[in-house]
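Asks: Fold the following and give me the result.
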Amino acid sequence: MSMTPYRLFWKLFFAFWAAMTLSFGGAVGFILTTSVVPPPPPSGNVPWHVLIPLGSGVVTSLFASLALAWYLTRPLRHVRWALDQLAGGHFETRVKPQIGSRRDEIADLGGYLDATAERLERLEASRQQLLYDISHELRSPLSRLRAAIGLARTDPSDVQAMLARVDLEADRLNGLLDDLLTLNRVEVGASGLRRDKIDLIELLHAIATDAEFEARASGRSLTLEAQGAFIAVVDGELIYRALENVIRNAVKYTGAGTAVEVKASRAEDAGLLEVTVADRGPGVPDEMLSSIFDPFVRVQAEKGTTTGFGLGLAIAQRALLAHGGEIFAAPRPGGGLIVTLRLLGRLPNTAPPADTAPL
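Replies: Predicted coordinates:
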């Protein structure tokens, strides 16, 4: 364990003491060389009473130096203790209560340390929750796989049906792992993103065409209002996944015979594209409008069932945030949900494309 605060304590102590002692010594010397005090006798001996202020100054400087060194290094011991606790995984540790009501740079350091500890605590809680959710989501398809294999062994005549079930569950597992890998990639942030120069309006039309085909197959429809072009420097694959997840999610939840309305428009800032996806589904309770973007959070579909793994909107949110954009949901008047995506025309710290055309 480092003893830096104690080494700093002694360095400060000796520095303060030396400075104060020299100051007192200089003051006494000045007094002795002025006419305020009678000159020393011819023998050269300094009167004993002249040594009183010098001695008292040395003693006073000793205690003052101790107090100053203690005042400056004491909070550093608390900071070191907090860092030791964080290194041991105790992310609930907070140093600001230990420092007290100080208002200086060391107190600011304690505040930054507490903010870091709080974020680490949230990340650790999210990690544990994510591991629990992953294990829970993997357990169901694995259980069905084992059941299908067991039934195939006991009833060879039903092997083809069981193989179909195994194939279905394998596809589900593959989809889950693919979503988890994508979620992990967007968690890295902008530093791990590619920089593709693409037309987001053209990309939106391609996604809408596929989604509209799926919608018609289930008795629903999809409309798209997006004109012109919006050239952007983004990670094309992630933005495709984000837009597709939101639009397909709306198609899945909108009521039979209704339409999903997708609109794209340039916001007041010329470098910002806003996409709204509105459905006529059951909607989302107000208390879940923000949590639906958390991993593995799902709302009930028709007849009280849930589908999917609850990762689509989480991937969309993190992809938008990594690109400096945002996504949020709001109730739609008359029933349903409106999801709004706002995306910059470039990644953070990336020069804007020269040929961005207006809508």
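Asks: low-confidence ranges in the stretch 51-200 of the chain?
Replies: Residues of the stretch 51-200 of the chain meeting the criterion pLDDT under 70: 51-58, 69, 104, 133, 136-137, 187-192.
Asks: which residues in it form strands?
Replies: Counting by DSSP state E, counting those that start in this stretch, the stretch 51-200 of the chain has these strands, from start to end: 196-199.
Asks: those helices in it, which residues are they?
Replies: 51-87, 96-99, 105-154, 159-187, 200-217 (DSSP state H, counting those that start in this stretch).
Asks: Which one of those helices lies nearest to residue 283?
Replies: Among the helices of the stretch 51-200 of the chain, the nearest to residue 283 by CB to CB is helix 200-217 (18.4 Å). (C-beta placed from N, C-alpha, C; glycine too.)
Asks: which residues are in contact with the closest one?
Replies: Defining contact as CB atoms under 8 Å, 6 or more residues apart in numbering, one finds that helix 200-217 is touched by 221-222, 224, 226-232, 234, 236, 239-240, 243-244, 247-248, 251, 254, 259-260, 262, 264, 273, 275, 343, 359.
Asks: Quick one: name whatever helix or strand follows that helix.
Replies: The element immediately downstream of helix 200-217 (helix or strand, assigned by DSSP states H and E) is strand 221-225.
Asks: quick check: angle from that next one to helix 200-217?
Replies: 160 degrees (axes from the mean of the first three to the mean of the last three CA atoms, to 10 degrees).
Asks: Check which helices and strands strand 221-225 sits against.
Replies: Helices and strands touching strand 221-225, by 3 or more CB pairs under 8 Å, 6 or more residues apart in numbering; DSSP states H and E, are helix 200-217, strand 259-266.
Asks: Now that residue 220 has come up, it's in contact with residue 257, right?
Replies: Yes. Look at residue 220 against residue 257 with CB atoms under 8 Å: they come within range, at 7.1 Å.
Asks: Which one's more surrounded, the two?
Replies: residue 220 (23 against 9; other CB atoms under 10 Å).
Asks: In contact with the more buried one, which residues?
Replies: Going by CB under 8 Å, 6+ apart, residue 220 touches 251, 254, 255, 256, 257, 258, 259, 260.
Asks: where does residue 313 fall, helix, sheet strand or coil?
Replies: Of the three states, residue 313 takes helix under DSSP: H, G, I helix; E, B strand; the rest coil.
Asks: Wait, a helix at residue 19?
Replies: Yes. The assignment for residue 19 is a helix, going by three-state DSSP.
Asks: Distance check, it against residue 61.
Replies: As judged by CB to CB, to the nearest Å, residue 19 and residue 61 stand 8 Å apart.
Asks: got it, and residue 282?
Replies: From residue 282 over to residue 61 the distance is 77 Å, taken as CB to CB.
Asks: picking that back up, now the helices and strands packed on strand 221-225 in CSV, with distance to residue 177 and mean neighbour count?
Replies: What follows is these, written out as CSV (distance: least, CB to CB, whole Å; neighbours: other CB atoms under 10 Å):
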stretch, distance to residue 177, mean neighbour count
helix 200-217, 22, 17
strand 259-266, 28, 20
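Asks: Neighbours of the nearest residue to residue 144 once chain neighbours are set aside, how many?
Replies: Excluding the flanking residues, the one nearest residue 144 by CB to CB, 6 or more residues apart in numbering is residue 169, at 5.1 Å. Per other CB under 10 Å, the neighbour tally for residue 169 reads 19.
Asks: which residues sit in contact with residue 169?
Replies: Contact analysis of residue 169 by CB under 8 Å, 6+ apart lists 141, 142, 144, 145, 148.
Asks: could you redo the last one with a cut-off of 10 Å?
Replies: For residue 169, the contact set (CB atoms under 10 Å, 6 or more residues apart in numbering) comprises 140, 141, 142, 143, 144, 145, 146, 147, 148.
Asks: now swap in residue 313 and tell me
Replies: 242, 245-246, 249, 291-295, 297-298, 327, 329, 339.
Asks: Distance of it relative to residue 156?
Replies: Taking CB to CB, one finds residue 313 at 43 Å from residue 156.
Asks: try residue 335
Replies: Residue 335 is 51 Å from residue 156, where distance means CB to CB.
Asks: And the two? Which one has more around it.
Replies: Counted by other CB under 10 Å, residue 335 and residue 156 do not tie: residue 335 has more neighbours, with 13 against 8.
Asks: What are the structural domain limits within this protein?
Replies: According to automatic domain parsing, the chain comprises the domains 4-90, 124-187, 194-344.
Asks: so residue 282 sits in a helix?
Replies: No. Assessed with three-state DSSP, residue 282 is coil; it does not lie in a helix.
Asks: shouldn't it be in contact with residue 254?
Replies: Yes. Here residue 282 reaches residue 254: they are 9.4 Å apart, a contact under CB atoms under 10 Å.
Asks: who has more neighbours, these two?
Replies: residue 254 (24 against 16).
Asks: Phi first, then psi, for that one.
Replies: Note on residue 254: backbone dihedrals following degrees, to the nearest 10 are phi -70, psi 150.
Asks: Distance of it relative to residue 134?
Replies: Residue 254 is 29 Å from residue 134, by CB to CB.
Asks: for residue 157, same thing?
Replies: Taking CB to CB, one finds residue 157 at 36 Å from residue 134.
Asks: Name the residue in those two with the higher neighbour count.
Replies: It is residue 134, of residue 157 and residue 134, that has more neighbours when counted by other CB under 10 Å, with 16 against 7.
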